[in-house]
Each structure stands twice: as structure tokens, then as C-alpha cells.
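Asker: With the sequence up front, the predicted model follows.
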2 protein chains.
Amino acid sequence: MSAAHASPTAAEREQLQLAGAYLSRVAEPASLPLWMFVQRHGYLAAAAAVRAGEAPAEVASCTEARRTAADPEVDLQAAQRNGIRLLTPADEDWPHFAFAALQATAQRRVAQWQAGVRARPERGEPIPPLALWVRGAGDLGAVGFHSVAVVGSRAATAYGEHIASEFSYGLAQRDVVIVSGGAYGIDAAAHRGALAAGGCSVLVSAGGLDRPYPSGHRHLYDRTAEQGLLVSERPPGSAPHRQRFLSRNRLIAAFGAATLVVEAAHRSGALNSAGHARDLGRPVLAVPGPVTSAMSAGCHRLIQRDEEPARLVTSVAEVLAYCGSAELSTELSAEPEAEADRASGASGQASWQRAYDSLDAVDRSVLDGFPGRRGSVTEAELSRLSGQPISQVIAALPVLQSLGLITVAREGYRLASVAS
Amino acid sequence: MSAAHASPTAAEREQLQLAGAYLSRVAEPASLPLWMFVQRHGYLAAAAAVRAGEAPAEVASCTEARRTAADPEVDLQAAQRNGIRLLTPADEDWPHFAFAALQATAQRRVAQWQAGVRARPERGEPIPPLALWVRGAGDLGAVGFHSVAVVGSRAATAYGEHIASEFSYGLAQRDVVIVSGGAYGIDAAAHRGALAAGGCSVLVSAGGLDRPYPSGHRHLYDRTAEQGLLVSERPPGSAPHRQRFLSRNRLIAAFGAATLVVEAAHRSGALNSAGHARDLGRPVLAVPGPVTSAMSAGCHRLIQRDEEPARLVTSVAEVLAYCGSAELSTELSAEPEAEADRASGASGQASWQRAYDSLDAVDRSVLDGFPGRRGSVTEAELSRLSGQPISQVIAALPVLQSLGLITVAREGYRLASVAS
């Protein structure tokens, strides 16, 4: 990497952190107009405009409540006191890979929005978070390659906790990252299994990471941070409440190459996670149980679905068979048109052309900046090659990736080969 | 019905009984050449030819072992002493409806045989029995309309026995006939559930009905005979052995509009029954259980199958949804061509024509004997109208039915309407 395109300076990074923290505080619930606004103008300009009350009406309306009260310096200091760091897409360990599917569903929502659709999807906006609060030793950027979201009821049975723990143990032994929430029951059993195997687990919290919930899980939070990661979309101090749990569930689904439902009653929140996974094109796996157990009824219902049924799994080996290749699940989450192309046997070239045609001018110029079929480039190099600001490059990469136009390489990104 | 076409005389019936009993004794294992021979020449002539050693080579070879030793009078006397009666297709309560699918698979085997295929299918010849030994109050002719075969492991768990009993109880309460074997475990629990509900159950035995197996189930046999039926393909005195269990399983599958597997280990005989049901185009339903239970492993495997997976069921209502319409399952067992027609949206007329073209001369003349779209006819009337002997009419009807050309009416048979 040439000196001219080094990482952002400390001052640049601090500005990005403040903007990210600010946007994290005001962006609730996840808002498509705000997300589009940030994609277009970058973090610094977007945050400044929102704070100054100069954002367009649809952005202003969803940020007005906290626009002036939000204090990113206070949030960042509270984070620092609690060993929590803030990630934005500019950070090296931002989970671009795991979020590729969310990026793709966000693009579809943008297209709908531009077509005049204003209704929000039932499960909330399927868009990536603007920032993430993270605590722990793990590398969030690596999550999604070999990871399984393990979800289920708080009021789990002994059977369910046993399965969650045993499966997570077995998966973690094979270097699969376990992703779950922080609740009693299946969540806790999943983390404990992974940690007992010496593996990595990711606990995605609905509230601030300085407020373990339930409070009895403070030790579980601490142990998970030692071996894995705590992640939240909400800033420190945020209380967990229902809407945050539902919004949090899209992150759990996004972090898993597959979502495994261990036990779920008919109206369990775990079914919401399974719905997010389906939205993202990720496989949903379900563990059967006795038909006499209300806690297995939701799993059975998922397996019985006429459309996109869950796959019945009975062992770690079967789970691995469905999540071993994260590329598969990313493929499944690609644009419907691309899928139709595959189904109809259209050539890879036609599919590529269609994806290329769907790009906006900025994304296209970022793609055009790639140095040909063989080389891989970093974000900073792409910024120079394409003439686009780094923030635009960072925003474009997941889009290009989700469309199958580029792939993640060892030292950056490269053009995808056009499959025939 | 006119006097000229009355039921067979007592003497004719006695001759048919002797021929049926004789063929029942010599026809083991189920043999396609013998079945074809009987279809062509009728019971009396076929039995006489076999006994006299005048049958063609491929029939002689499979009947030689018992040709001279078989004594139908002794078998019929033993049956009478034990309250057992013999049914042949000429009898009113012969299960034509339940055997329509077996008749269809038999026709396919005939076509293969005529094309030179001599290998036997892995699960034995999928042909109807030549005769059945029956004991009990029930009407076997009505079985198959609303009936479920409930199968599973001898070494069932308490969970499995509970489910078999509860489901059978609930189904029997809704007038569904329960069909099973006579073994410990799931079989016995299924019968007990049906009997406790005051319903009808059919116990299909692998050996002679005068030899309850296991011997501890003599009381279960007696109770089932009081409220339902005992059925066996083997004459009185026959010991149960492995080959007879596997052959018996095709009858259990045939008697059920659907086959419900409650518990099965990986190599359970219940999976053989499920295979027979698939061969007959009948739905296979499976009850899930804990993945930690070896006795549910076979059920889970059935649900996971890539081809023709079993349907996961958790309640009596779900079982009813799959077996409520026996017509559906009969439709499913129709000729592959007819199915392809349905799938491709071909007209009912084209499908009808194709089915008609597939008939041999005798079956076609029986069909031509039907008195138009509105009237229903008895077998004896059809014999007169078509000019074909009653035995040919009896053999033709299930074929015509399985092809969807005729339907069972209240007082006989009628032409099917050509669906558009």
C-alpha cells in the first residue's frame, strides 16, 4: 500500500467515531431514509446535517426526537469506561461479509422507496446498522464465514438446553462461531456450550453492552467477552425493550450463515429470528422434539411450512452440512433477478450485465476502479483508483459483493469471475 | 339385480373357496407369474392346472414346493374351527378399493415382465394377494376409504406408545380405521387406542390367524376380532418369519390411506412399511421426537429424505388433513403418465384417452360394458353387459379404477367423469 493511501489519521478516525456514535444514538428504529442519507453523503456530512436540523424532511422526522440531546462524546466515554468500542464500516473489523445479505435487502428497499413505497416491512427495515458497539477479544469481521445463529425460547426445557449446549459445543470444536442473544434458556446454553469448547461466541444484546440483560447474566457477558464478542446496535446505557429485541434479531440472523432454532413455542421470538433469516436468504434449521412439548411446536411448524420450510436437523454433522459453505448462503441472498437467471440457465455474463446495469453511478465507478481480473485492492487503493471518497467506496463494496460482482480476498477485494 | 345374474351358487362358491385356499397355500412368496396366470385363467382353472403340474414353467417353479402337499380342505376346516373365513376377489367384502394401488403397481410389473424384466423388486412383488384369511366383525371392503396405517418399533419408548395410542384413539373417534401389525410396542398401542375409542382396527398378521404372535397377544387378537378385523395372507397354522413380515407390510401400507410412522430406529421394519406406502403413492407421515432418542431417528430420516420426504405431523388433526380424502391418495397412485398429464395441465380428455389406450382387450371390453355416464352397475351386471366372465370383470375393475376411468358407487361402479 502506498503512503498516499494509508489508513485514516487519528483525527479523521475520531471524527468518524463521533459521527458514528451520534448516528447510532439518533437512528432508532432503523430508518431507511436515514440509511440512504448516510450512504449518499457519508457519515460526517450526514451527522452534521441531522444535528443542524438541515436534513430532508423524511430524515428529520425520524431523528428529531434525539437530534439535539444526543451526545456522542458522553456515549464514547461511557463505552471506553466499559471496555466497549464503536465500529463503523470504515473499521477493519466491520462485518462486511456477514452484512452482505442485509446490504442486498437494503438495496431492494431503496428501490421500493424510490418507487414510492412508504410502508415499512413487518419485521422492521432489513438494513445494516449504521454502527455497532462491541466488546471482547474476537474479530467481528470474520463472523459470517463459518457461524451459526442458535436461537430459541427463554423458557426452554432441559431437553432444549441440552441440545443447544451440545450442538454449540460440537460446532465450536469445529471452529464454527456461535451467535445468539443474551437471554436465559437456549441463548445462555448456546454460549456456554461454545465457551466450554474453547470456541468463540457472539452475544448480540438488545440493549447497551454496559447493561447485561438479564442482570443475572453479567458473568455470562464477561466470559463471552473474554473468548468471543459482545455486540449491540444500541449505545451504552440503552435499556432493552421489545422493539429493540425484534430489531436485534435481524443482526443475529445476519451474523449466522444459518439460523438454528432449537426450541420455540408457537409465538416465540425465535420465530422472528427465523423470519429474518429467510428474508436474508439464509437457511433455517430446526431441531425436532416431542410433539407433546409446547417448546418444540414452533420448530415443527417451521419444518412444516409450505414455503421455505426449515430443514430438520438432528446432529452437529447435519448442521455443518448446511452452514459449512457461507458462500452458498450469500449466493442464496443475491438479487431475485440473479436467482432467476441461474434458474433459467442464463449465462453468467448476462447475469453480470444485469447486476452492473442496476448500479448507481457511484457504485459503478467504484467497480470500474478495480484493476482487472487478477489483482486484489484495499479500500484506500480503490478510493484512489476510482476517484471516489473512501466513505463511498466503503458503502459500495458490500453492494458490489452482494450482487456477486466482487469477492472478499485475503488482502482486500477482487473482481468476481463470471461463471458460465 | 335380475335373477339371471344372482350371486354364485353355494356350489360355485365352495369351488372358489377351495381354489382360493389352495392358491393361498402354494403362492409364497408372492409371485408375479402365478398372479398373471390366475388373472388370465381364473381361480378354478389356475388352481387345477397348478395342482396337476400343467402350469407353465415359471408358474410351476414357484409353486412346485407345495403343489401336491397343499390341502385346501384341511386349511378351510382349520379356519372354520378358529372363526376364520377366506376371502377372494369374488367376495363382497374383498378390499377392492384398498387394493387399487396394488393392482396398479401389479399392472406395471406385468408390463415390465412382458418387456423381459425378470428381477424382483427389492421389497417383493407389489401385487395384491390371491386370497385373504380374515377373522372378526368388521367389513374389510370398507377399509381404505378412511384408514391410517400406524407403524413403528417393537422396542418403542413410553413416548412412542403414548403417541401411537393417543393418535389412534383420536383418529378412531373420527371413524378412521386403524391398521397395524400385531407386535409389541407401537402396533399394540395403536390397536389399544382404537379399541378404547370404540373404533375399528385391522390387525394384519404375518402368520396364520390361529397363531397369535407374539403369543402374549392372544387377548389383543381376540379383542381386535370383536371390534375390528384380523387379516392374514397366510393360511392357518403358518408360522411368522422374516420374509412373511416384509411381505405382510405391503398389505398394511395398502390398507392405509396414509402410513403414519410413530417411532422407528434407523433399521426398523417400519421403514419397510413406509417404503411400501411410497411405492403405492400413499402419503407417509412421521411423528418427530427427541433427537436424543434412537427410536425417533428413523422418523427424522424419513422427514429429511430428498425424494418423497415424509410429512412431519404433530396432531390428530394434521393426520386427518393428509388422509381425510382417500380419493386423493388413490389419485396419487395412478399411472405416472396420468400424473404427468396433470402436472403439465393436459386436459382430462387426453388423460382419459391415454388411460383407455393402455388397457388390454379384456379390460377395454369391460369398460365398454358400462351403461353410460349416469348409471352404476354391479359386477354381475357388468359381466352380462360386457360379455366377459365374472372373474375377468372382477380383475378388470381395480385396474379401471386405479386409472381413474371408473369410481366406486354406492351400489357398484360407475364411469368416472372426465375432469377438465
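Answerer: Yep, it's here. Numbering: from 1, shown residues only, chains lettered A, B, ... in the order given.

Asker: which secondary structure element contains the nearest residue to A:H217 once chain neighbours are set aside?
Answerer: Leaving aside its chain neighbours, A:H217 sits nearest to A:G182 (5.6 Å; criterion: CB to CB, 6 or more residues apart in numbering or on different chains). No exception for glycine: its C-beta is placed from N, CA and C like everyone else's. Using DSSP states H and E, A:G182 falls within no helix or strand.

Asker: which ones are touching A:G182?
Answerer: A:188, A:203-206, A:212-214, A:217, A:220-221 (CB atoms under 8 Å, 6 or more residues apart in numbering or on different chains).

Asker: ok, 7 Å please
Answerer: By CB atoms under 7 Å, 6 or more residues apart in numbering or on different chains, the contact set of A:G182 is A:203, A:205, A:212-213, A:217, A:220-221.

Asker: How about A:A264?
Answerer: A:152-153, A:270-271, A:298-299.

Asker: Can you tell me how far the residue nearest to A:H217 is from A:C323?
Answerer: 22 Å (CB to CB, to the nearest Å).

Asker: State the distance from the nearest residue to A:A70 once chain neighbours are set aside to A:A106.
Answerer: Spatial nearest neighbour of A:A70, chain neighbours left out: A:R25 (4.0 Å); criterion: CB to CB, 6+ apart. The gap separating A:R25 from A:A106 is 20 Å, by CB to CB.

Asker: Need the per-residue pLDDT for A:A317.
Answerer: Per-residue confidence (pLDDT) for A:A317: 93.

Asker: Smallest gap between the stretch 201-350 of chain A and chain B, at which residue?
Answerer: Nearest residue of the stretch 201-350 of chain A to chain B, counting by CB to the nearest CB: A:P288, 3.4 Å away.

Asker: hang on, the earlier thing: C-terminal to the helix or strand encompassing the residue nearest to A:A70, what's the next element?
Answerer: Per DSSP H and E: A:R25 is located in helix A:10-26. Counting by DSSP H and E, the element after helix A:10-26 in chain order, helix or strand, is helix A:32-51.

Asker: next helix or strand past that next one?
Answerer: Using DSSP H and E, the first helix or strand after helix A:32-51 is helix A:57-63.

Asker: Can you pull out the residues in contact with that following helix?
Answerer: With CB under 7 Å, 6+ apart as the test, helix A:57-63 has contacts from A:26, A:31, A:33-34, A:37, A:50, A:53, A:55.

Asker: Residues of the stretch 251-400 of chain A that sit close to chain B?
Answerer: Counting by CB under 7 Å from any CB of the partner chain, the stretch 251-400 of chain A comes close to chain B at A:287-291, A:300, A:303-304, A:312, A:314.

Asker: Closest to B:G375 out of these?
Answerer: Of all these, A:Q304 has the smallest distance to B:G375: 43.5 Å, by CB to CB.

Asker: tell me the contacts of A:E263?
Answerer: Taking CB under 7 Å, 6+ apart, we find A:E263 in contact with A:152-153, A:156-157, A:160, A:186, A:289, A:295-296, A:299.

Asker: SS state for the residue of the stretch 201-350 of chain A closest to chain B?
Answerer: coil (DSSP: H, G, I helix; E, B strand; the rest coil).

Asker: which non-adjacent residue is nearest it?
Answerer: Once flanking residues are discounted, A:P288 sits nearest to B:P288: 3.4 Å by CB to CB, 6+ apart.

Asker: any low-confidence regions in the stretch 101-250 of chain A?
Answerer: Low-confidence segments of the stretch 101-250 of chain A, defined by pLDDT under 70, are absent.

Asker: can you pull out the strands in it?
Answerer: Secondary structure of the stretch 101-250 of chain A by DSSP state E, counting those that start in this stretch: the strands cover A:132-136, A:147-152, A:177-180, A:201-205, A:229-232.
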